[in-house]
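Colleague: Take a look and give me a structure for this.
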Amino acid sequence: MEFSEAGAPRKNPNAKAFAIGCGILASMTSIVLGYDIGVMSGATLFIKEDLKITDVQVEIIGGVLNLYSLFGSFAAGRISDWIGRRFTIVMAAAIFFVGALLMGFSTNFAFLMVGRFVAGIGVGFGMMIAPVYTTEVAPASYRGFLSSFPEVFINIGILLGYVSNYFFAKLSLKLGWRMMLGVGALPAVILGIGVLFMPESPRWLVLQGRIRDARHVLNRTSETSEEAELRLLDIKRAVGIPESCSDEDCPGPKKSHGEGVWKDLLLKPSPQLRRIFWTAIAVFFFQEASGIDSVVLYSPRIFEKAGIHDKNASLGATVAVGFVKTIFILVATFLLDRIGRRPLLLVSTGGMVLSLMGLGIGLTVVDQHSDEKIMWAIGLCVASVLFYVAFFSIGQGPVTWVYASEIFPLRYRAQGVAAGVALNRVTSGIVGMTFISLYKAITIGGSFFMYMGLATVAWIFFYTCLPETRGKSLEDIGRLFGLNPEEMKEGEIQMADEKH
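Modeller: Residues are numbered from 1 along each chain as shown. Presented below is the predicted three-dimensional model:
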């Protein structure tokens, strides 16, 4: 251990910058999803006109990518345990790059759907691996800050998609929407180059018995060598490696590639593991069930229904939504490790409930007076959309990924998060693929009242079931859910359950 002249452990001044750099690069996988969500909100207006497709096909194009990403997120969980977090990020970038090019060169609906399928696989890989990697690299003192990066980059991607819509809309009909979709390949190229400078996850390295490599990564991402050794000690305890052993001569655990995890999670979980699993599942579900994709993906239609009929004005208002969403997610990144996960979730969800109520009221009034412009109702709709995305961005947006990825024990983290991401994407796909049909069936105001009800249920769940995890090591978090040190060792949760 290195010491300064004063006798205190010598600090690594570059540790935080290096960890932040790793988090940024890993989270760039999320830009591709955000860009796709944002760009499709406007691109579908032109795709419908150019390819002469129906509203049902518009719904399918908008939401099906999330269902396709289901395959990617499940595959990524096992693959990341096999080849490592770092190379899984490479796969995510490569797959989405191909998908974006296919979408950009699409000549008909079927060709476009093939591109959506390939891009969806890449999105699934990226959405699963980004929060896992950043959580495992980051020290506890600013893990919330780093682990919120995937949501930050989703919002940056959404904003870029909205801006792309606004500018490429000025091109010809046939070229404009294809440029909107095709330029989505650029972030994948940047990510593919940047990943060459990223280290592997230290927790994954320990699971493979590569203690020396793990120590090297921890030294680069910790402010002192003492902190790095403490973090390594925590990981050894979680995995079941004797604290006294070091480097590759350690007897260590059997190298883990994720075998038996699904059996432990789904078929024979301990009560503690069951609580962790369903908590993560619920948090991922409520993030999308509260209607965020309906607002983000169909903003132009919502503004049109609210009385803004000019296409440029509608796209301009949509860009404003992207700016508000991005600004507030940046605010949230600095609050996660200061205020905590639970308070942000409660404030965020409560604000979303009120915003959805205002949007439902405003749209209902406008719908009932379609022959005249009621300015207060139009203003209420626009304000409610902006407040809704702002409240979502300070809590449910970033906290979901942080919280769900940090509560799982190490052995179950990759595939547990993969299951949550899969449900998250399925829920997002259902919301995106049914919104137009839903508002035609129960009115557009009624659809947002329904989302308000789901957000209310989410608030009750968060208030009653979620403990605070701010500032705790990943191994300490297991104790919040009733796991003891032995149960947190690899492969021993089920043994402990059988003993009891």
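
Colleague: hey, let's count contacts and neighbours off CA atoms from now on
Modeller: Fine.

Colleague: what about the stretch 101-250 of the chain, any weak spots by pLDDT?
Modeller: Residue ranges of the stretch 101-250 of the chain with pLDDT under 70: 140, 142-144, 147, 243-250.

Colleague: change it to 80
Modeller: Low-confidence segments of the stretch 101-250 of the chain (pLDDT under 80): 127-128, 131, 135, 138-151, 196, 237-250.

Colleague: Same check on the stretch 301-450 of the chain?
Modeller: Scanning the stretch 301-450 of the chain for pLDDT under 80 picks out 301, 305-317, 336-337, 370-372, 405, 410-415.

Colleague: Where do the helices of it begin and end?
Modeller: For the stretch 301-450 of the chain, the helices defined by DSSP state H, counting those that start in this stretch cover 311-335, 341-368, 375-394, 396-406, 410-442, 444-465.

Colleague: Give me the helices and strands touching the helix or strand encompassing residue 66, please.
Modeller: Element membership of residue 66, judged by DSSP states H and E, is helix 55-83. Counting contacts by 3 or more C-alpha pairs under 8 Å, 6 or more residues apart in numbering; DSSP states H and E, helix 55-83 is packed against helix 29-51, helix 85-104, helix 109-137, helix 410-442.

Colleague: out of those, nearest to residue 342?
Modeller: Nearest to residue 342 among the helices and strands packed on helix 55-83 is helix 109-137; the distance by C-alpha to C-alpha comes to 17.6 Å.

Colleague: got the buried residues for the closest one?
Modeller: Buried residues in helix 109-137, defined by neighbour count with 16 or more other C-alpha atoms under 10 Å: 109, 112-113, 115-137.

Colleague: quick one: that helix to helix 29-51, angle?
Modeller: Relative orientation of helix 109-137 and helix 29-51, computed by axes from the mean of the first three to the mean of the last three C-alpha atoms, to 10 degrees: 170 degrees.

Colleague: circling back to that earlier point, TSV for the helices of the stretch 301-450 of the chain, including mean neighbour count and distance to residue 86?
Modeller: As requested, the helices of the stretch 301-450 of the chain are arranged in TSV below (neighbours: other C-alpha atoms under 10 Å; distance: least, C-alpha to C-alpha, whole Å):
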stretch	mean neighbour count	distance to residue 86
helix 311-335	21	23
helix 341-368	22	27
helix 375-394	22	27
helix 396-406	27	17
helix 410-442	23	13
helix 444-465	18	32
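
Colleague: distance of residue 406 from residue 139?
Modeller: Residue 406 is 12 Å from residue 139, where distance means C-alpha to C-alpha, to the nearest Å.

Colleague: what does residue 286 give?
Modeller: Relative to residue 139, residue 286 is positioned 28 Å away (C-alpha to C-alpha).

Colleague: likewise residue 106?
Modeller: Distance from residue 106 to residue 139, counting by C-alpha to C-alpha: 44 Å.

Colleague: of these two, who's got more company?
Modeller: When neighbours are counted by other C-alpha atoms under 10 Å, residue 106 and residue 139 differ, and residue 139 comes out ahead with 25 against 18.

Colleague: can you count the residues close to the nearest residue to that one once chain neighbours are set aside?
Modeller: Spatial nearest neighbour of residue 139, chain neighbours left out: residue 222 (6.7 Å); criterion: C-alpha to C-alpha, 6 or more residues apart in numbering. Residues lying near residue 222 (other C-alpha under 10 Å) number 25.

Colleague: I figured residue 222 was touching residue 13, is that so?
Modeller: No: using C-alpha atoms under 8 Å, residue 222 makes no contact with residue 13, being 9.3 Å away.

Colleague: So residue 405 sits against residue 415, correct?
Modeller: No: counting by C-alpha under 8 Å, residue 405 does not reach residue 415; the two are 10.2 Å apart.

Colleague: Make CSV from the helices of the stretch 301-450 of the chain and add distance to residue 51 to it.
Modeller: Output for those, formatted as CSV (distance: least, C-alpha to C-alpha, whole Å):
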stretch, distance to residue 51
helix 311-335, 19
helix 341-368, 29
helix 375-394, 30
helix 396-406, 34
helix 410-442, 18
helix 444-465, 26
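
Colleague: Please name whichever of those helices is nearest to residue 150.
Modeller: Within the helices of the stretch 301-450 of the chain, the stretch nearest residue 150 is helix 396-406; the backing value is 7.6 Å (C-alpha to C-alpha).

Colleague: then that closest one to PDB, C-alphas only?
Modeller: Provided in PDB are the C-alpha atoms of helix 396-406 (Å, rounded to 0.1, in the frame of the first residue of the first chain):
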ATOM      1  CA  GLN A 396     -38.000   6.700 -12.400                       C
ATOM      2  CA  GLY A 397     -35.800   7.200 -15.400                       C
ATOM      3  CA  PRO A 398     -32.300   6.900 -13.800                       C
ATOM      4  CA  VAL A 399     -33.200   5.200 -10.500                       C
ATOM      5  CA  THR A 400     -34.700   2.200 -12.100                       C
ATOM      6  CA  TRP A 401     -31.400   1.200 -13.700                       C
ATOM      7  CA  VAL A 402     -29.300   2.100 -10.700                       C
ATOM      8  CA  TYR A 403     -31.500   0.300  -8.100                       C
ATOM      9  CA  ALA A 404     -32.200  -2.900 -10.000                       C
ATOM     10  CA  SER A 405     -28.600  -3.400 -11.000                       C
ATOM     11  CA  GLU A 406     -27.200  -2.900  -7.500                       C
END
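
Colleague: could we number from 40 for the rest of this?
Modeller: That works, and once the first residue is 40, the last one we named lands at helix 435-445.

Colleague: Packing partners of it?
Modeller: On a contact count with 3+ C-alpha pairs under 8 Å, 6+ apart, helix 435-445 meets helix 148-176, helix 182-186, helix 188-207, helix 310-328, helix 350-374, helix 380-407, helix 449-481.

Colleague: Kindly recompute the last result at 6 Å.
Modeller: Packed against helix 435-445, as judged by 3 or more C-alpha pairs under 6 Å, 6 or more residues apart in numbering; DSSP states H and E, are the following elements: helix 310-328.

Colleague: Let me see the confidence value for residue 525.
Modeller: Residue 525 carries a pLDDT value of 55.

Colleague: go on, the one 4 residues further on?
Modeller: Reading off the confidence values, residue 529 has pLDDT 45.

Colleague: Where does residue 253 sit, in terms of helix or strand?
Modeller: Assigned by DSSP H and E, residue 253 falls within helix 250-260.

Colleague: Let me see the residues that make contact with that helix.
Modeller: The set of residues external to helix 250-260 that reach it, using C-alpha atoms under 6 Å, 6 or more residues apart in numbering, is 54, 58, 241, 244, 264, 267, 286.

Colleague: okay, and the common contacts of residue 261 and residue 52?
Modeller: Common neighbours of residue 261 and residue 52, using C-alpha under 6 Å, 6+ apart, do not exist here.
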